[in-house]
Each structure stands twice: as structure tokens, then as C-alpha cells.
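A.B. asks: build me a structure from this.
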Amino acid sequence: SDRIPEAFDGFRFVQITDMHVGTLVRPERELTRLADSVNAQRPEAVFFTGDLVNIRAGELDERTTALLRRIAGPVWSVTGNHDVGTYIKDSLRFPAAGEAREVVARQRAMGWTVLEDTTVYLRRGADSISLTGLSFDPALRERRHRDLPGTAIPKAYAGVPDSLYNIALVHIPQLWEQIVEAGYGDLTLSGHVHSMQLKIRPWGRGWSPAKWIYKHWSGRYDTGRHTLYVNDGTGYVAYPMRLGAWPE
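C.D. replies: Next up is the predicted model:
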């Protein structure tokens, strides 16, 4: 993009998403491999786009957080639908709002910066780009597979100069078009879909049943100067495997 400041030429970041640490079959092996893969890229920033846990905050125990701390470099993150207590059955012992706060608190204890409907600025020399993070709104639980109202977008971008190159972190790709309509999101990074952990790749993006539900379901999409990247994630839900939709 010609909107990227010269000082950011060569700026390298890694996007990871959808770990669902509570479902990992061999967490030590899988998270070690993930950290090694990230660190091998020598990124200047790591962006995590939601669903760190599968059900509740207790999945981020001492062993798991020690493994995640091996990811080098500053990490910025946002919450996903699994991070906000959406799937807790015992809501008396584990209130959803409390679990959501605890997931955020445990990330911050690891040194991660959790962006909750806000924008920060990444600086190199005299130049800067804006980085915006949108939290998953629990009110959208029943509509997470459909078009969604991006009610937090005006708050997140309040006072942000639209002249700056903007990276947007959002768990669900359905908010991309609203971010673009607001004049931001030169690059939007999301996850959530996993390609439903099933992808056949005879050509290009390939085929997945996710195409029946999501307009944007895997990989890169462009409109004008705006780009969306839907990362297939690293973990799994429902069944502990991936067929073709390999961990990214």
C-alpha cells in the first residue's frame, strides 16, 4: 500500500488466532511448535485475533501461560466469542462477565496488550500507523454466523486520523465491510471460521462448507485499498482434528 509510511518498509508482524487452548490434545507440543514458528519469523509485533480459550479462563493455567510466554515480541490481542463466557453451562459458578474479565486479565499478566474497542499507535522514527482492536460483543452471540452490527466501531475509531494507515484486529470477519465503510481498515485481520476445519484445495482458496455460511471465510480479500485476511487459526472445536484446513 502506498499509504504505509516509509519508516515501516520491512516492518514484520505475525498473525495468530483461534488457539482454543482448552481443546488441545497435546498442548505442550502444539503450543511449543506454535511459539517456535512465530519466533522463527523474528516479528516486530504479534497480533492475536481471538478465541484464546474454548470455554473459560481456567484453561489459561500456569502451564499453558508459561508456554504462551515463549512467544517473543510484543503481542496485541482482541477477544473472540469463546473468550467471553459464551459457552459456559454453569453460569452460577462461572458468570460469563467475570470469566471474560479473567481471560483478559490473564492475557495481560502474560504481558499481552488486549485492545478493547480502542486504537493505539505504532511508531517508527517520526512515522506511525494506527492499530485498532475490536472486542467480541457478547450481545452478538446468537448472530455470530451472520451479518452483525458493528456497534463498537465509532468508539474504537473516535479521533483516529483517517490519513494514517490502519490495521484492524477483529475476531469475526463479518465486521470488515463496516470497518471499510467507516474509512479505516487498510488491513483487517480476523479469524473465527477455521474453514470449519475442513478444506479441499484443488485450486486457489479451495472449498469448504464454510462457504455456505460466510461471505469471507479464508485467506485474502480485497476491495479498493482495503484488504481482509481471514486466518484459519491453530486450534480446533467440536472435533480434535483438521482436514485440509491446516493450522496456520
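
A.B. asks: Gln15 pairs with what?
C.D. replies: On the basis of DSSP bridges, Gln15 is bridged to Phe47.

A.B. asks: was I right about it contacting Leu189?
C.D. replies: Yes. Between Gln15 and Leu189 there is a contact under CB atoms under 8 Å: 5.0 Å. Using the backbone N, CA and C atoms, a C-beta is placed for each residue, glycine as well.

A.B. asks: of the two, who's got more company?
C.D. replies: Per other CB atoms under 10 Å, whichever of Gln15 and Leu189 has more neighbours is Leu189, with 25 against 20.

A.B. asks: quick one: contacts for that one?
C.D. replies: Gln15, Thr17, Phe47, Thr49, Ile167, Ala168, Leu169, Val170, Tyr229, Asn231 (CB atoms under 8 Å, 6 or more residues apart in numbering).

A.B. asks: buried residues in the helix or strand where it lies?
C.D. replies: Element membership for Leu189 (DSSP states H and E) is strand 187-190. Buried residues in strand 187-190, counted by 16 or more other CB atoms under 10 Å: Leu187, Thr188, Leu189, Ser190.

A.B. asks: what lines up beside that strand in the sheet?
C.D. replies: Here, using DSSP bridges, strand 187-190 pairs with strand 166-170 (parallel), strand 226-230 (parallel).

A.B. asks: where in the chain is pLDDT low?
C.D. replies: For the chain, the stretches with pLDDT under 70 are 141-150.

A.B. asks: which residues does the residue nearest to the spatial centre of it contact?
C.D. replies: Central residue of the chain (CA atoms, centre = their mean): Thr49, 0.9 Å from the mean position. By CB under 8 Å, 6+ apart, the residues touching Thr49 are 15-18, 77-78, 80, 169-171, 189-192, 231.

A.B. asks: overlap of the contact sets of Gln15 and Leu189?
C.D. replies: Common neighbours of Gln15 and Leu189 (criterion: CB under 8 Å, 6+ apart): Phe47, Thr49, Tyr229, Asn231.

A.B. asks: out of the residues you listed, who has the most neighbours?
C.D. replies: Going by other CB under 10 Å, Thr49 tops those with 31 neighbours.

A.B. asks: surely Val193 touches Val230?
C.D. replies: Yes. Under the criterion of CB under 8 Å, Val193 makes contact with Val230 at 6.0 Å.

A.B. asks: mutual contacts of the two, please.
C.D. replies: Residues touching both Val193 and Val230 (CB under 8 Å, 6+ apart): Pro173, Trp217, Ser218.

A.B. asks: hang on, the first one packs against Ala210?
C.D. replies: Looking back up the chat, that one is Pro173. No. Look at Pro173 against Ala210 with CB under 8 Å: they stay out of range, at 10.4 Å.

A.B. asks: and for those two, which residues touch both?
C.D. replies: Shared contacts of Pro173 and Ala210, defined by CB under 8 Å, 6+ apart, are found at Val193, Trp217.

A.B. asks: skipping adjacent residues, who's closest to Gly224 in space?
C.D. replies: Of all residues not flanking Gly224 in the chain, Val180 sits nearest, at 7.9 Å (CB to CB, 6 or more residues apart in numbering).
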